[in-house]
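[1] sequence unavailable; structure follows:
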């Protein structure tokens, strides 16, 4: 069953300008060390990499039904990639608490995320799904 859906569109040039103006202060406030390492590994696409992750965090907060103004910290949501390149959303802190509250007993939450960019835009789409635990729940 679908628990939440969120999407966000982010301007890459805006993120690039913010990085130029605030540098590490911005990076360290919004992005985890893992996300920063990913961006650093893509020197010709740093701003696009950050913009996609910004959009993913915004989309995830919307899928959680809270938005970023209701207590979720930027670093409570983090995007990494599987070896295949597929993006994966991880939640901790208040975002994790909210996800646990949304998830019915006998189910586990799975966060699906997709990212794309076509300069000057980066976009993310997040779907939170509840899947039955082994031996419990209903389809």
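    Looks like it came in fine. For clarity, every value in this text was computed on a predicted model and none was experimentally measured. Residues are numbered from 1 along each chain as shown.
[2] C-alpha only now, for contacts and for neighbours.
    Fine.
[3] what helices and strands are in contact with the one helix or strand residue 19 maps to?
    For residue 19, the enclosing helix or strand under DSSP states H and E is helix 12-22. Under the contact definition 3 or more C-alpha pairs under 8 Å, 6 or more residues apart in numbering; DSSP states H and E, helix 12-22 sits against helix 24-30, helix 46-63.
[4] which other residues reach that helix?
    The contact list for helix 12-22 (C-alpha atoms under 8 Å, 6 or more residues apart in numbering) reads 26-27, 47-48, 50-51, 119-122.
[5] just the buried ones among the residues you listed, please.
    Those of the contacts of helix 12-22 that meet the buried threshold are 27, 47-48, 50-51, 121-122, by 16 or more other C-alpha atoms under 10 Å.
[6] and those residues, which two are furthest apart?
    Taking C-alpha to C-alpha as the measure, the buried ones among the contacts of helix 12-22 reach their widest spread between 27 and 121, a distance of 19.2 Å.
[7] who's in contact with residue 100?
    Listed by C-alpha under 8 Å, 6+ apart, the contact set of residue 100 reads residue 109.
[8] and the gap between it and residue 120?
    For residue 100, the distance to residue 120 under the criterion C-alpha to C-alpha, to the nearest Å works out to 35 Å.
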